[in-house]
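**Student:** Sequence plus the predicted model coming up.
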Amino acid sequence: MRITMLTTGGTIEKTYNEHDGSLRNAHTTLPKLLATFRLPDLEITAKQILFMDSLDMSDKDREHIVAETSSAVGSTDAVVILHGTDTLSQTGELLHHRLAPFRVPILLTGAMRPYEFRDTDALQNVTETLLAARLVAPGVYAVMHNRVLRFPGVVKNHEKLCFENV
């Protein structure tokens, strides 16, 4: 199976700077994260297309994500997008409306806590997303916290800190 993994930054890839105490998108953690998995029959092509907190994304940035995803769907079995959770729903809705009909699954995931943190949810979410890529029908999905939710109508519940369908 071939998966194209696009990274846009977000909390999942934030790193802590010991010198100034900041938590920001300074460098990708994706190769380190992927190295923890045993994936003998999976070919992953990773591409960093943006690198920012999703709260800082503009309409132009989302259009870039749509263009990169559209470009990838012709040469892959699934597209996985690492994305900040705060505006993941906006990007998922845009992908749903702009890329139909779907040829492959397009799965968005992220984390509430950075990969580098001991209590991260990043490993769980990426693991679930890679498995979902094999199992779901073509369409756009948010995959996190033991849930696979299909767009449209996926929102972040800020009180429960999870995604749900409305």
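**Tutor:** Sure thing, it's come through.
**Student:** Quick check: closest non-adjacent residue to the spatially most central residue of the chain.
**Tutor:** Closest to where the C-alpha atoms of the chain average out (C-alpha atoms, centre = their mean) is residue 82, at 2.4 Å. Take residue 82 and drop its neighbours on the chain: the residue closest to it by C-beta to C-beta, 6 or more residues apart in numbering is residue 7, 4.3 Å away. Every C-beta, even on glycine, is put in place using the N, C-alpha and C of the backbone.
**Student:** How about that neighbour: which residues does it bridge to?
**Tutor:** residue 48, residue 82 (DSSP bridges).
**Student:** Touching, it and residue 29? I think so.
**Tutor:** No - contact criterion C-beta atoms under 8 Å: residue 7 and residue 29 do not qualify, at 9.1 Å.
**Student:** Return every residue with contacts to both of these two.
**Tutor:** Common contacts of residue 7 and residue 29 (C-beta atoms under 8 Å, 6 or more residues apart in numbering): residue 13.
**Student:** for stretch 113-124, what is the average pLDDT?
**Tutor:** Stretch 113-124 comes out with an average pLDDT of 86.
**Student:** what's the span of that stretch from first residue to last?
**Tutor:** Distance across stretch 113-124, first residue to last, is 11 Å (C-alpha to C-alpha, to the nearest Å).
**Student:** how near is the residue in the chain sticking out farthest from the centre to residue 26?
**Tutor:** Going by C-alpha atoms, centre = their mean, the residue of the chain most distant from its centre is residue 19, 28.6 Å out. Distance, residue 19 to residue 26, using C-beta to C-beta, to the nearest Å: 11 Å.
**Student:** Any idea how many residues pack against the closest residue to residue 10 other than its chain neighbours?
**Tutor:** Excluding its sequence neighbours, the residue lying closest to residue 10 (C-beta to C-beta, 6+ apart) is residue 84, at 2.9 Å. Using other C-beta atoms under 10 Å, residue 84 has 25 other residues around it.
**Student:** What residues does residue 84 make contact with?
**Tutor:** Taking C-beta under 8 Å, 6+ apart, one finds 8, 9, 10, 11, 12, 52, 53, 54, 55, 57, 110 in contact with residue 84.
**Student:** same thing but at 6 Å, please
**Tutor:** By C-beta atoms under 6 Å, 6 or more residues apart in numbering, the contact set of residue 84 is 10, 11, 53, 54, 110.
**Student:** Please tell me how far the third one sits from residue 26.
**Tutor:** Here the distance between residue 53 and residue 26 works out to 12 Å (C-beta to C-beta).
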